[in-house]
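> how would this look folded up:
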Amino acid sequence: APASDLRANAETLRAGVVTGHGVGDFASLLTRLDRINASLASLEEAQNEQNQEATDAAIAIRTAIVEQMETLSASVSASTNWKITTASADTLFEQWQEHQKSTPRFPKAVANDLWKRFRTAKSAIDSARRAHFAQVDAKNKESKGVKETLIAKAEALASKGSAGIPAYRGLLEEWKVAPRAGRKLDDALWARFK
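Down below sits the predicted model:
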């Protein structure tokens with residue numbers, strides 16, 4: 001039990017002995033309660049020290065999680081592998097939540113500061129990911145539009161037979177310089193064009 005609870009119980013007992021009515025050696029009982037109270041002071045000091053060490057260790061672990069998220073956030077670039085980066089960010093968030101549940105509470109100011117740093121780094125990753133995929137979607141849409149136009153021209157040439165081959169070769173050259181879409185989409189468009 002926490003030493004502070006034991007001290008409160010000892011003080012309640014002491015008050016009962018001092019005001020109590022009965023037969024017995026109350027003086028020796030008070031002496032024993034005084035010795036218990038003295039030992040509780042050292043126990044309370046030891047428990048406070050252990051709690052402080054546990055809190056310091058928890059702060060160090062949570063700070064390490066925050067620093068990992070900040071490092072991950074700083075590593076985001078145009079060549080980022082979003083599948084791995086997103087999985088890493090999710091793992092760090094799960095670690096944060098588990099750590100928050102399983103460790104002793106620590107000062108609110110420290111906890112809030114760490115959470116702000118963590119949230120800022122995670123938000124930066126999420127924003128960069130959304131921007132990247134919005135750009136990819138825009139590029140795919142542009143590519144699809146260009147290639148749909150080439151497909152329509154190629155389909156119009158199909159009725160001309162062998163007379164349309166030179167025009168088709170020109171379309172094929174345009175296809176080669178057209179922007180690429182995602183692999184599945186590009187393959188489907190190519191199958192229609194071919």
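
> Every contact and neighbour count from this point should use C-alpha atoms.
Fine.

> Not including adjacent chain positions, what is the nearest residue to Ser4?
Glu44 (6.6 Å; C-alpha to C-alpha, 6 or more residues apart in numbering).

> where exactly do the helices run in this protein?
With DSSP state H as the criterion, the chain has helices at 3-19, 26-74, 82-102, 108-158, 165-177, 183-193.

> Is it possible to get the ones you listed out as a markdown table so that each row also shows mean pLDDT?
Output for the helices of the chain, formatted as a markdown table (pLDDT from 0 to 100):
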| stretch | mean pLDDT |
| --- | --- |
| helix 3-19 | 80 |
| helix 26-74 | 88 |
| helix 82-102 | 93 |
| helix 108-158 | 90 |
| helix 165-177 | 85 |
| helix 183-193 | 85 |
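
> Give me the phi and psi angles of the residue of the chain most remote from its centre.
Centroid-distance maximum for the chain: Val23 at 65.3 Å, with C-alpha atoms, centre = their mean. Torsion angles at Val23 (phi, psi; degrees, to the nearest 10) stand at phi -110, psi 130.

> And it, how far from Arg117?
Distance check for Val23 against Arg117: by C-alpha to C-alpha, to the nearest Å, it reads 65 Å.

> Repeat that for Lys101.
Following C-alpha to C-alpha, the distance that separates Lys101 from Arg117 is 19 Å.

> more neighbours, these two?
Higher neighbour count among Lys101 and Arg117: Arg117, with 16 against 10, using other C-alpha atoms under 10 Å.

> List the contacts of the more buried one.
Taking C-alpha atoms under 8 Å, 6 or more residues apart in numbering, we find Arg117 in contact with Val66, Glu70.
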